[in-house]
Structures are given as structure tokens and as C-alpha cells.
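*Asks:* here are the coordinates; sequence isn't available:
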């Protein structure tokens with residue numbers, strides 16, 4: 001797949017003699033990028049503008065994407081052949097990383113004994129439309145974040161940059177992502193303010209893919225981040 005296959009391209013209209021923009025599959029509200037690290041680095045980077053600016057620029061013209069718009073991507077293990085690790089700049093644009101492990105024995109037995117889930121796709125029901133999702137996003141944006149919580153988040157960020165455990169520290173974009181997720185967690189918990197517990201609940205999936213373990217050279221595991229945050233005082237010294 002080429003970058004233009006994702007974002008779109010300009011095609012000559014023989015009748016009018018002018019070029020018309022043909023939208024690519026990125027013009028949707030939910031983009032599923034399956035096995036993203038099997039695509040070439042150029043195709044991966046084609047998502048950068050759409051994920052950050054919510055638009056696509058072709059031939060000097062910017063085309064806005066639908067609102068809301070977000071990307072869900074899956075990755076194959078880096079140990080497999082023909083995989084291209086995403087660069088730090090692209091990883092930083094993903095809000096969080098969620099690891100899917102093997103199911104436990106009871107769940108796996110239910111999967112094996114049940115109907116093929118792919119045959120049930122047509123029976124799925126809509127639980128949230130775009131309008132309701134946008135309303136919830138607006139509510140989360142209004143959740144109060146006290147100076148105490150902001151101080152705690154800054155200490156977490158500073159610790160990633162100075163502790164020596166990680167190759168690179170968390171960027172300001174990563175810090176903003178942590179606040180955004182903590183606010184959403186507070187809304188789900190039925191509150192209009194953020195607590196340090198909200199921050200701790202989401203910090204591992206938000207920071208994990210943004211941190212590289214200096215000792216191993218691999219992305220920090222969720223367990224490593226959870227252990228690491230225990231070293232940072234909630235209220236400071």
C-alpha cells in the first residue's frame with residue numbers, strides 16, 4: 001500500500017480537464033489500521049497529519065476529516081519478520097496502548113465451544129453514535145484538574161526525563177494525553193474533577209508506548225510503568 005492509497009489522490013477529470021480529489025479510506029470516523037507495523041514507514045507516516053491535525057493535505061489543499069475521528073491500530077510482535085517499528089513521533093500521537101493477552105481458561109473454552117465471532121458481526125448493535133460521543137468528549141474537556149494533580153503529573157513527566165531508566169522522557173504531548181485520559185476516567189467514575197487515583201489508573205497505558213527501556217531497548221511494559229510510578233510521590237516532598 002502506498003501513502004496515497006490511504007489519504008487519497010488527485011485524478012484528472014477528462015471532461016472538465018481539471019484534477020479532482022479522490023478521498024482515501026482515512027476519511028472516516030473510526031480508522032482501523034490492522035497490523036500497522038507491517039506497512040512501510042512511508043505509509044505509516046501518511047497518518048501523522050490526520051492524527052494530529054485532523055486533516056489531509058494533497059497538492060497544497062487541506063481536506064478536513066470527519067469529527068470525531070480516531071485511529072485504532074494493531075501491531076504484530078516485533079520479533080516477526082517484515083515488521084517496521086513505528087518511530088517515536090508516530091507513537092506519541094497514539095493516545096494509549098492496550099495489550100491484549102491470551103484469554104483465561106474459562107473464556108477460551110467459551111470461545112472454542114461457541115459460534116465463530118466473525119459470523120456475528122452483522123448482529124452488532126449501535127451503542128453510541130457520533131453525536132453522543134462528541135457530547136461526552138465535551139464533558140470530559142470541562143472536568144476540573146487542580147494544581148495538586150497538575151503538580152503530580154509534572155513530577156511523573158520529570159521523572160521519565162531524569163531517572164535514567166528510559167531512553168527518552170515523556171513529551172508535552174504525552175503529558176497532555178495523560179490529563180485527557182485522567183479526565184475521561186473521572187467522567188466514567190461519575191466525577192467532575194480529577195484525582196491522583198485517576199492519573200494512576202491510566203498512566204501505564206498512556207506512557208508505556210512512549211517510553212523505551214534503556215536496559216533492554218524495548219518499549220516499557222505496563223507492569224514496569226506501574227512499578228515505576230510508585231517511586232514518584234503523589235504530594236511531593
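*Replies:* The structure has been received and is ready for your questions. Keep in mind the model is a prediction, meaning the values are calculated, not measured.
*Asks:* Only C-alpha atoms from now on, for both contacts and neighbour counts.
*Replies:* OK.
*Asks:* residues near the spatially closest residue to residue 186 that is not a sequence neighbour, how many?
*Replies:* Closest residue in space to residue 186, ignoring its immediate chain neighbours: residue 194 at 5.7 Å, by C-alpha to C-alpha, 6 or more residues apart in numbering. If you count neighbours by other C-alpha atoms under 10 Å, residue 194 ends up with 23.
*Asks:* Can you give me the distance of residue 194 to residue 183?
*Replies:* Here the distance between residue 194 and residue 183 works out to 6 Å (C-alpha to C-alpha, to the nearest Å).
*Asks:* Please identify every residue contacting each of these two.
*Replies:* Overlap of the contact sets of residue 194 and residue 183 (by C-alpha atoms under 8 Å, 6 or more residues apart in numbering) consists of 143-145.
*Asks:* Pipe those into JSON lines and attach distance to residue 102, neighbour count and pLDDT per row.
*Replies:* Output for these, formatted as JSON lines (distance: C-alpha to C-alpha, whole Å; neighbours: other C-alpha atoms under 10 Å; pLDDT from 0 to 100):
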{"residue": "143", "distance to residue 102": "35", "neighbour count": "18", "pLDDT": "96"}
{"residue": "144", "distance to residue 102": "37", "neighbour count": "15", "pLDDT": "96"}
{"residue": "145", "distance to residue 102": "36", "neighbour count": "16", "pLDDT": "95"}
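*Asks:* Tell me if residue 224 really is in a helix.
*Replies:* Yes: assigned with DSSP: H, G, I helix; E, B strand; the rest coil, residue 224 falls within a helix.
*Asks:* neighbours of it, just the number please.
*Replies:* The burial count for residue 224: 13, using other C-alpha under 10 Å.
*Asks:* now residue 141
*Replies:* For residue 141, using other C-alpha under 10 Å, the count is 15.
*Asks:* so who does it touch?
*Replies:* 180, 183.
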